[in-house]
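>>> Quick one, structure for this:
(chains A, B, C and D)
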Number of protein chains: 2
Amino acid sequence: MPRPKEFDEEQALDAAMRTFWVNGYEATSTEDLCRATGLGRSSIYNTFSSKHELFKRSLVRYTELMTTNQLALLDDETRTARDRVHALFDAIIAGEVENRRDERGIGCLTVNTTVELAARDPEAAALVARDQQRRLDSLEAVIRVGQRDGQFTSRRSPAELARFLNAVIAGLRVAGQGGADIPTLKAIADTALEAL
Amino acid sequence: MPRPKEFDEEQALDAAMRTFWVNGYEATSTEDLCRATGLGRSSIYNTFSSKHELFKRSLVRYTELMTTNQLALLDDETRTARDRVHALFDAIIAGEVENRRDERGIGCLTVNTTVELAARDPEAAALVARDQQRRLDSLEAVIRVGQRDGQFTSRRSPAELARFLNAVIAGLRVAGQGGADIPTLKAIADTALEAL
DNA sequence: CAGGTTTTGGACAGATCAATACAAAACAGG
DNA sequence: CCTGTTTTGTATTGATCTGTCCAAAACCTG
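Got it, this is the predicted structure:
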């Protein structure tokens, strides 16, 4: 009996997510969100309650899309540990490249959120922390495999190396946003791989 | 003949810098700046022209203070290359530790600016890029020394390794903001050092 | 101590912010 | 085709934002 929505909620969420991703939370106005999604204010508030709620859903969606894809690369047991980590770096760099604006990457929404919001938005911080834990778990597992197979020779613990890789990934993102070119990003990733 | 200012401009700049550092550019209101500096609106606008101008000056001051100190560590020719890089990491981690709020670091203003502003503020981007170049130059020089002395055995070029270290530093900052504890940060830094 | 200049405080301007109110439009079921 | 429910567009709210205005206070110099 109710009137159906004229738009696809998931599609609108993707548009909102991308806007937050590119502009950040504070610099994104509700009007920006209207323009990006093509919806009116009423539809947005009716569907997503508030800007903050919409941001949280955007963040969740981002991690569902991105992290899930990336962890699939790490968990691919048909490949060696080194190949998996390499594939992850390649995917990250490829993402940075295809999302360039004015010679700069747009980074990673979870990194951006950590920097912009984590200190004063506990909910956002919790979502990012949860995502990070998933990533660390997968990284640790693949490093363990690589150590068992003798591919990774560092004597450091898998947990430490996972943290290290995660930091390098964040650093890659920041470097991309700073305007580093692809060969530079590849060199950073390769150097990190050699540290394992 | 003119009436002198009642405040110390440099001191006010430091307070403003710290506010931008902790809260970010967008989330800092002019009233926040008044509260932090203890100045009235008129004094701020009379002295610094605008929020954006004040931000640029804060950014310059930040890099003058921080980068200058850090590069002094890298350029200290009384120490070995490895010791210098180690000292840099120690200083960064010590800085992250002494600036913690609610179990989180407040990061680095240049990294924060890269993430929040570089894409849409060319002036801020230029200031950050200039600072980064200084850092890369010093890193490259010390790596060159380490390679000559046989302390660093990686076959990668000093330029690439400098980029790598810079990325790890950014990653350290983000990790600190994400709530990583000190041993974790130290492990990340040590792992990076081993890659050289 | 007086004149000229600057700083300072507080009120204010205009824009923009997130969010809401409300009525008209659009749809499903009976 | 009508009834009830939801969505949608528009106008508007009240708060907050950056920046300005202006008069009074404060200072230095002559």
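
>>> what about the strands in chain A?
Secondary structure of chain A by DSSP state E: no strands are present.

>>> ok, longest helix in it?
Longest helix in chain A by number of residues, with DSSP state H as the criterion: helix A:122-148.

>>> helices or strands up against that helix?
Contact here means 3 or more C-beta pairs under 8 Å, 6 or more residues apart in numbering or on different chains; DSSP states H and E; on that basis helix A:122-148 packs against helix A:51-74, helix A:81-98, helix A:109-116, helix A:158-177. The C-beta positions use only the backbone N, C-alpha and C, and glycine is treated the same way.

>>> Where does pLDDT dip in chain A?
Residues of chain A that meet the criterion pLDDT under 70 lie in A:1-6.

>>> hmm, 80 instead?
A:1-7 (pLDDT under 80).

>>> OK, contacts around the residue most central in space within it?
To find the centre residue of chain A, average its C-alpha atoms and take the closest one (C-alpha atoms, centre = their mean): that gives A:C108, at 4.5 Å. Listed by C-beta atoms under 8 Å, 6 or more residues apart in numbering or on different chains, the contact set of A:C108 reads A:66, A:169-170, A:173.

>>> just A:A175 next, same as before
A:184-185, A:188, B:163, B:166-167, B:170.

>>> Could you single out the nearest of these to DNA strand D?
Looking at these and their distance to DNA strand D, the nearest is B:A170, at 26.4 Å (C-beta to the nearest atom of the strand).

>>> how near is the closest one to B:R100?
From B:A170 over to B:R100 the distance is 18 Å, taken as C-beta to C-beta, to the nearest Å.

>>> Just the CA trace of stretch A:159-175, in CSV.
Once side chains and other backbone atoms are set aside, the C-alpha atoms of stretch A:159-175 remain, and they are given as CSV (Å, rounded to 0.1, in the frame of the first residue of the first chain):
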residue,chain,number,x,y,z
ALA,A,159,51.4,-10.0,14.2
GLU,A,160,54.2,-7.4,14.0
LEU,A,161,54.7,-7.9,10.3
ALA,A,162,50.9,-7.6,9.8
ARG,A,163,51.0,-4.2,11.6
PHE,A,164,53.9,-3.2,9.5
LEU,A,165,52.2,-4.0,6.3
ASN,A,166,49.1,-2.2,7.4
ALA,A,167,51.1,0.9,8.2
VAL,A,168,52.8,0.7,4.8
ILE,A,169,49.4,0.5,3.2
ALA,A,170,48.2,3.6,5.0
GLY,A,171,51.5,5.3,4.0
LEU,A,172,50.8,4.3,0.4
ARG,A,173,47.4,5.9,0.6
VAL,A,174,48.8,9.1,1.9
ALA,A,175,51.6,9.1,-0.6
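
>>> Please identify the buried residues of it?
Within stretch A:159-175, the residues that qualify as buried are A:159-175, counting by 16 or more other C-beta atoms under 10 Å in any protein chain shown.

>>> what's the answer for stretch A:80-97, then?
Neighbour-count burial for stretch A:80-97 [16+ other C-beta under 10 Å]: A:81-82, A:84-89, A:92-93, A:95-96.

>>> Are it and chain B in contact anywhere?
No. Stretch A:80-97 stays out of contact with chain B when judged by C-beta under 8 Å from any C-beta of the partner chain, the minimum separation being 11.8 Å.

>>> Run through who's touching that stretch.
Stretch A:80-97 is contacted from outside by A:66, A:69-70, A:73-76, A:79, A:105, A:107, A:139, A:142-143, A:145-146, A:149, A:151-152, A:165, A:169, A:172-173, A:176, A:182, A:185-186, A:189-190, A:192-193, A:196, using C-beta under 8 Å, 6+ apart.

>>> filter these to the buried ones?
A:66, A:70, A:73-74, A:105, A:107, A:139, A:142-143, A:145-146, A:152, A:165, A:169, A:172-173, A:176, A:185-186, A:189, A:192-193, A:196.

>>> Show me the one of the helices and strands packed on helix A:122-148 that comes nearest DNA strand C.
Proximity to DNA strand C, assessed across the helices and strands packed on helix A:122-148 by C-beta to the nearest atom of the strand, is greatest for helix A:51-74 (3.4 Å).

>>> Report whether the closest one contacts DNA strand D.
No. Contact of helix A:51-74 with DNA strand D is not found when judged by C-beta under 7 Å from any atom of the strand; the minimum separation is 12.2 Å.

>>> Relative to the whole chain's centre, how far out is that helix?
Shown here is helix A:51-74, whose average C-alpha point lies 7 Å from the average C-alpha point of the whole chain (C-alpha atoms, centre = their mean, to the nearest Å).

>>> next one: stretch A:168-177
Going by C-alpha atoms, centre = their mean, the spacing between the C-alpha centre of stretch A:168-177 and its chain's C-alpha centre is 11 Å.

>>> Let me have the helices and strands packed on helix A:122-148 in a markdown table, extended by distance to B:A12.
Putting those into a markdown table (distance: least, C-beta to C-beta, whole Å) gives the following:
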| stretch | distance to B:A12 |
| --- | --- |
| helix A:51-74 | 33 |
| helix A:81-98 | 38 |
| helix A:109-116 | 25 |
| helix A:158-177 | 29 |
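
>>> Which of those sits closest to B:D8?
When the helices and strands packed on helix A:122-148 are ranked by proximity to B:D8, the top entry is helix A:109-116, at 30.4 Å, counting by C-beta to C-beta.

>>> and the closest one, is it in reach of chain B?
Yes. Legend: contact between helix A:109-116 and chain B by C-beta under 8 Å from any C-beta is shown at A:111-112, A:114-116.

>>> from these, which would you call buried?
A residue is treated as buried here by neighbour count (16+ other C-beta under 10 Å); on that basis the buried members of the residues of helix A:109-116 next to chain B are A:111-112, A:114-116.

>>> before we move on, back to that, list, out of the contacts of A:C108, those positioned next to chain B.
Contacts with chain B within these, as defined by C-beta under 8 Å from any C-beta: A:169-170.
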